[in-house]
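Q: Structure for the following, please:
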Amino acid sequence: MTWRLWRDRAGRFSWMLTVVLVGLCLPLLLTSADAVMDRLGPRPYSAFIHQVGLWAFRFLVLSLLVTPLARIARWPALMTARRRIGVAACLYAVVHLAGYAADQSLDLPHIAAEIARRVYLTIGFVALLGLVALGVTSTDGMIRRLGGPRWRRLHTLAYPIAVLAVIHYFMQEKADVTEPTLMAGWLAWLLGYRLLNRALPDGQARSVPVLLGYSVLVAMATAGAEALGFWAVRHLPPDLILQANLSFDLDVGIRPAWYVLAGGLGMTLAAVAGDAKQRARRLARA
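A: The predicted structure is shown next:
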């Protein structure tokens with residue numbers, strides 16, 4: 001990966017990579033500006049740590065989205081952004097830990113004891129170590145040293161790392177688990193699609209009927225998991241949560257399952273657009 005992050009492998013300026021770079025930097029810049037201007041509330045350290053960690057997880061999930069989206073939309077150029085997004089997830093996670101360390105007055109023995117004692121911190125720290133391992137091996141030089149097959153096997157760890165990250169997120173959020181549920185639903189979509197793509201031959205996993213049906217199933221599973229979660233943690237009847245998912249009441253708020261379904265429908269539209277682009281190219285060549 002070139003260090004000139006706005007250029008492609010041929011050294012040419014890329015608008016797509018420039019937009020990606022700006023998008024990756026913007027959350028940290030805005031959160032830092034809020035911290036400097038004292039706009040992070042009564043607990044600014046905690047707010048900063050939370051926001052940066054949230055973006056680390058979002059970028060990790062986004063990096064896992066790149067490959068299926070590039071295949072479904074027939075957009076191979078998108079693959080050039082994947083490593084940049086993954087490295088950004090790693091850097092945000094490191095800043096997340098650094099913010100936590102600063103909040104603990106850089107008392108390293110105390111920080112180590114807290115990580116060992118609190119399960120959610122242990123899980124988050126293991127996920128961070130995995131992200132760092134993926135980040136430092138994301139250069140072209142490391143790919144050559146490890147060899148392509150070994151490098152690819154190592155980087156499949158991004159999926160279990162993401163699972164650990166979402167567990168860490170759920171355990172940390174005690175009041176509102178809406179966004180953790182949403183991110184877990186999207187992660188489930190990506191993990192399941194990876195298996196589906198392997199199971200179905202000849203690119204059938206990107207067909208419109210398969211994508212539609214699969215997205216509906218994952219959205220239903222997200223709603224069911226949310227209902228079971230509220231029943232297990234808050235002892236709320238599952239049918240109430242399922243009714244909230246089916247009501248689509250904007251005043252109450254849209255439940256995560258609908259966003260998961262919207263993401264699946266977006267991938268379906270990407271497949272339609274990719275097919276249309278390919279047909280146009282064939283007609284142009286003919």
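Q: Any idea how many residues pack against residue 198?
A: Using other Cβ atoms under 10 Å, residue 198 has 9 neighbouring residues. For every residue, glycine as well, the C-beta is placed using N, CA and C.
Q: Surely it is within a helix?
A: Yes: under DSSP: H, G, I helix; E, B strand; the rest coil, residue 198 falls within a helix.
Q: What separation do you get for it and residue 259?
A: As judged by Cβ to Cβ, to the nearest Å, residue 198 and residue 259 stand 26 Å apart.
Q: same deal with residue 118?
A: Taking Cβ to Cβ, one finds residue 118 at 30 Å from residue 259.
Q: do the same with residue 97
A: Taking Cβ to Cβ, one finds residue 97 at 28 Å from residue 259.
Q: Kindly report the same for residue 192.
A: Counting by Cβ to Cβ - residue 192 and residue 259 are separated by 16 Å.
Q: who's more crowded, residue 118 and residue 259?
A: Neighbour count, other Cβ under 10 Å: between residue 118 and residue 259, residue 259 has more, with 19 against 14.
Q: Give me the three-state assignment for the closest residue to the more buried one other than its chain neighbours.
A: Leaving aside its sequence neighbours, residue 259 sits nearest to residue 182 (Cβ to Cβ, 6 or more residues apart in numbering; 5.3 Å). What three-state DSSP gives for residue 182 is helix.
Q: just residue 105 next, same as before
A: Secondary structure, three-state DSSP: residue 105 is coil.
Q: Let me see the contact set for residue 55.
A: Residue 55 makes contact with 27, 28, 31, 92, according to Cβ atoms under 8 Å, 6 or more residues apart in numbering.
Q: Who are the packing partners of the worst-scoring helix or strand of the chain on mean pLDDT?
A: Lowest by mean pLDDT, DSSP states H and E among the helices and strands of the chain is helix 238-247, with a mean of 78. With contacts taken as 3 or more Cβ pairs under 8 Å, 6 or more residues apart in numbering; DSSP states H and E, helix 238-247 sits against helix 208-234.
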